[in-house]
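S.K.: no sequence on hand, only this structure:
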């Protein structure tokens with residue numbers, strides 16, 4: 001992951017089931033030749049640059065983002081995958097063969113028009129149930145490409161999920177927005193990893209404050225939440241009561257908790273031994289974070305080249321490692337970890353597969 005980042009900075013129905021070949025532009029050491037399981041890790045192959053993973057409520061359906069080739073040097077376009085967790089079959093849910101665009105002018109009047117489905121990147125994801133139907137959700141997605149924006153979709157998960165684009169919230173062109181979480185009023189908080197015009201990836205790893213949390217509420221402008229600066233702000237989630245926000249500080253290897261009951265938000269952090277990317281809630285009310293191991297995590301070359309999934313207890317920020325892999329794994333650049341039944345699914349922004357670990 002580090003070498004890739006250092007080199008890079010510079011109708012409503014779903015489409016037919018399909019798989020995707022790994023992009024030719026991936027470097028040889030990040031393009032495994034086999035999809036066979038190794039150690040206690042199995043793989044779901046064919047999903048390219050599956051950076052973030054979310055399960056749709058209590059359904060068996062899982063959404064996996066697909067980043068474009070901006071971090072891996074390719075010309076791959078963005079996409080959103082729909083995976084059946086029962087049999088591991090998957091398809092491209094958006095754009096697919098017939099993308100649907102129906103802008104909700106009442107909620108997203110500031111959006112200049114539909115997403116360019118031929119030039120976008122599906123990055124961080126967030127879901128929130130809405131009251132229009134029994135299994136209807138808003139899906140917010142951070143996206144780059146033709147524009148920097150939070151793109152919004154409506155997902156109907158009754159029986160088999162379908163999707164339509166319904167709006168966007170334009171972000172500052174310099175924001176390079178990474179992850180997003182949805183607020184109770186339909187607004188959001190999103191992380192700025194860095195401003196490429198002002199910072200480099202070396203700044204992130206040197207602990208420089210390169211970004212912050214953005215906040216937006218319907219009918220208002222996008223603002224910066226003061227006191228949330230960090231080195232490469234990345235993953236973000238919010239507690240059910242909307243009081244606590246949890247953010248990954250990628251460059252300093254921390255997960256940070258902000259208490260919104262004070263102004264500016266009170267900050268507390270825990271070192272997690274990885275460069276943490278996305279953060280996800282578990283069904284037990286804890287947090288999973290995934291990322292490449294930091295150099296001092298376990299003191300061996302094998303560990304340093306690998307990745308880990310860590311579990312964090314929200315109220316006291318206690319942390320323990322629940323799984324991971326060394327340098328010989330067939331997936332690198334771990335970016336997201338999600339509990340799916342008795343498994344942990346792990347995504348990457350620079351590969352052709354999802355890793356599946358047994359859940360402890």
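M.R.: Everything's here; your move. Only a predicted model underlies this, so the values are computations on that prediction, with no experimental measurement involved. Numbering: from 1, shown residues only.
S.K.: the nearest residue to residue 290 once chain neighbours are set aside and residue 279, how far apart?
M.R.: Among residues not flanking residue 290 along the chain, residue 337 sits closest, at 3.8 Å (Cβ to Cβ, 6 or more residues apart in numbering). Any C-beta I mention is one placed from the backbone N, CA and C, and that applies to glycine too. Remark: distance between residue 337 and residue 279 (Cβ to Cβ, to the nearest Å) = 9 Å.
S.K.: same question for residue 258.
M.R.: The value you get for residue 258 to residue 279, if Cβ to Cβ is used, is 13 Å.
S.K.: swap in residue 223?
M.R.: From residue 223 to residue 279 the distance is 22 Å (Cβ to Cβ).
S.K.: so between the two, which is more surrounded?
M.R.: For residue 223 and residue 279, the more surrounded residue by other Cβ atoms under 10 Å is residue 279, and the numbers stand at 22 against 11.
S.K.: so that one, which state does it fall into?
M.R.: Under DSSP: H, G, I helix; E, B strand; the rest coil, residue 279 falls in the strand class.
S.K.: just the one 4 residues further on next, same as before
M.R.: At residue 283 the chain is in coil, as set by three-state DSSP.
S.K.: who's in contact with it?
M.R.: Residues in contact with residue 283 (Cβ atoms under 8 Å, 6 or more residues apart in numbering) are residue 339.
S.K.: need the pLDDT of it.
M.R.: pLDDT for residue 283: 94.
S.K.: equivalent analysis for residue 305, please.
M.R.: Here the pLDDT value assigned to residue 305 is 70.
S.K.: was I right about the residue nearest to residue 290 contacting residue 345?
M.R.: Yes - in terms of Cβ atoms under 8 Å, residue 337 counts as a neighbour of residue 345; the distance is 7.2 Å.
S.K.: more neighbours: these two, which one.
M.R.: Here residue 337 and residue 345 are set side by side on neighbour count (other Cβ under 10 Å), and the busier one is residue 337, at 30 against 26.
S.K.: phi and psi next, for the more buried one.
M.R.: Main-chain dihedrals, residue 337, degrees, to the nearest 10: phi -130, psi 130.
S.K.: so it bridges to which residues?
M.R.: Beta-bridge partners recorded for residue 337 (DSSP bridges): residue 346.
S.K.: repeat for residue 213
M.R.: As for beta bridges, residue 213 partners with residue 191, residue 225 under DSSP bridges.
S.K.: show me what contacts it?
M.R.: 189-192, 224-225, 228, 233, 236, 245, 247, 258.
S.K.: again, 7 Å this time
M.R.: Residue 213 makes contact with 189, 191, 225, 228, 233, 236, 245, 247, according to Cβ atoms under 7 Å, 6 or more residues apart in numbering.
S.K.: coming back round to it: next, the contact list for the residue nearest to residue 290, please.
M.R.: Residue 337 makes contact with 280, 288-290, 309, 344, 346, according to Cβ under 7 Å, 6+ apart.
S.K.: just the pLDDT for it.
M.R.: At residue 337, pLDDT is 98.
S.K.: how near is it to residue 284?
M.R.: Taking Cβ to Cβ, one finds residue 337 at 14 Å from residue 284.
S.K.: for residue 225, same thing?
M.R.: 28 Å.
S.K.: neighbour count winner among the two?
M.R.: Between residue 225 and residue 284, counting by other Cβ under 10 Å, residue 225 is the more crowded of the two (19 against 8).
S.K.: I'd assumed residue 215 was in contact with the more buried one.
M.R.: Yes - counting by Cβ atoms under 7 Å, residue 225 does reach residue 215; the two are 4.8 Å apart.
S.K.: what is in contact with those two at once?
M.R.: With Cβ under 7 Å, 6+ apart as the test, residue 225 and residue 215 both reach residue 189.
S.K.: tell me which element residue 204 falls in.
M.R.: Per DSSP states H and E, residue 204 falls inside helix 201-205.
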